[in-house]
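S.K.: Kindly generate the corresponding structure for this input.
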Amino acid sequence: MAKISLTLIQTFYHVARRGSFSAAARELNLSYQSAANHVRRLEQILKDKLIDSEQGAKQVTLTPRGRSLYNLLDPELDIMLERLTLLLENQRSTLRVGMPQAIFFFLFPRILAEFRDRHPDTEMSVFERDTVLAEMVKNGSLDVCLSERYFGDPVVPQRLLGTYRLSLVYPRSWGPPPAVDEVPDWARGRPFVTFEPGQTLRNHAMDFLGRGGAPAHPTISTSGSSSVKRCVEEGLGFAVIPTWCVGPDDTDVVSVKLTNLPEVRVYFGCAGYLRNNPAVQDLFEICRGRLVGEVLEEAVGEDAATASSLGAPAGAASYKK
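M.R.: Predicted structure coming up:
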């Protein structure tokens, strides 16, 4: 097969998405005839018709082969072009990684140190997010994400890193700790500090505290575990946060591991076309090596769907097929 230029692919993609040669031409700053010629040339290379267009018609129709090609490109092409633009602008390698604030604040610095040893010329750009990570990868704003959510999206393949427990945390001045199974009753009527609506850990905490028969009503909501913990230290209420957020030096608070709550899973995901990228593979391996055993518990009985989304068997340790 003759080499296919990115220009031809990009023109076809915009014609298919916009539904007309004229709309694609305006977006790409081409003439109508150039847009049409690009598609015709791609059809010649592929030896198959991609688009049906009647003389004088404003809209075009995709053939079965054209629809198949468009579905293959969407939205991966936008993600690749966004990353390519970034690389050309910076003229250096950049890896954009998103994760919840707690994972970055408490766990990621040690990972960054090892990654820099392996890739000293790569800039690591970190975004502290929770609810929008999948969309940020799909629109090209992120290359990699660490998340407590399983997206189930083939565009963002994910790999299970491990699991962790949540803990009840409250000011030491409140007295002795409750028994684990008594926490929902103990919490009723007390000021509750938690995460912003929609965040994964807020949902876990609200479900757990609602077991007492009455829904929990937060008095303070904030964006990350460090901020939640700070409010607890100041005596503003209790919280449910990752167990690894509380250390031996945190003498102002009491921590109770909630062993009756399901473990929280942590996933490593990336744009599909980057899963064999050396920097992405190294970052995955460092995350596994640094987090599992030190902070996260080894994942047992990994979901088959999670493994198959990467083209790898459960328990496999890399992104390579």
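S.K.: Okay, helices next: where are they in the stretch 101-250 of the chain?
M.R.: Using DSSP state H, counting those that start in this stretch, the helices of the stretch 101-250 of the chain run over residues 101-102, 108-118, 133-138, 183-187, 200-209, 225-233.
S.K.: Go through the longest one and list whatever outside residues touch any part of it.
M.R.: If I follow you right, that is helix 108-118. 99, 122, 124, 126, 282-283, 286-287, 290-291 (CB atoms under 8 Å, 6 or more residues apart in numbering). C-beta here means a position set from N, CA and C on the backbone, and glycine is covered the same way.
S.K.: out of the residues you listed, which are inside strands?
M.R.: When DSSP state E is applied, these are split such that 99, 124, 126 fall in strands.
S.K.: Format the residues you listed as CSV; extra columns: neighbour count and pLDDT.
M.R.: CSV is the format used below for the ones in strands among the contacts of helix 108-118 (neighbours: other CB atoms under 10 Å; pLDDT from 0 to 100):
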residue, neighbour count, pLDDT
Met99, 25, 95
Met124, 17, 91
Val126, 15, 93
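S.K.: If we only consider those residues, which is nearest to Gly269?
M.R.: Met99 (10.3 Å; CB to CB).
S.K.: Give me the neighbour count for Ser173.
M.R.: 9 (other CB atoms under 10 Å).
S.K.: what are the phi and psi values for the residue nearest to it when sequence neighbours are not counted?
M.R.: Excluding the flanking residues, the one nearest Ser173 by CB to CB, 6 or more residues apart in numbering is Gly235, at 6.6 Å. With angles defined as degrees, to the nearest 10, Gly235 sits at phi 80, psi 20.
S.K.: correct me, but Thr11 touches Leu28?
M.R.: Yes. Using CB atoms under 8 Å, Thr11 is in contact with Leu28, at 6.3 Å.
S.K.: Which of the two has more residues huddled nearby?
M.R.: Comparing Thr11 with Leu28 by neighbour count (other CB under 10 Å), the higher total belongs to Thr11, at 25 against 17.
S.K.: Contact partners for that one?
M.R.: Here Thr11 is in contact with 24, 28, 30, 34-35, 38-39, 42 (CB under 8 Å, 6+ apart).
S.K.: I'd like the distance between the residue nearest to Ser173 and Arg165.
M.R.: Applying CB to CB, to the nearest Å, the value for Gly235 to Arg165 is 24 Å.
S.K.: Same question for Arg149.
M.R.: From Arg149 to Arg165 the distance is 18 Å (CB to CB).
S.K.: so how far does stretch 148-155 reach from one end to the other?
M.R.: End-to-end span of stretch 148-155 (CA to CA, to the nearest Å): 17 Å.
S.K.: And it, what's buried?
M.R.: Within stretch 148-155, the residues scored as buried using 16 or more other CB atoms under 10 Å are 148-151, 155.
S.K.: Go through those and name the one nearest Leu261.
M.R.: Glu148 (13.2 Å).
S.K.: So that closest one sits against Phe195, correct?
M.R.: No. Contact between Glu148 and Phe195 fails when scored by CB under 8 Å: they sit 11.1 Å apart.
S.K.: can you list residues touching both of the two?
M.R.: By CB under 8 Å, 6+ apart, Glu148 and Phe195 have these common neighbours: 130, 201.
S.K.: ranges for the strands of this protein?
M.R.: Using DSSP E, strands in the chain cover 51-52, 61-62, 94-99, 123-128, 144-147, 158-164, 166-171, 192-195, 218-222, 239-242, 253-257, 264-270.
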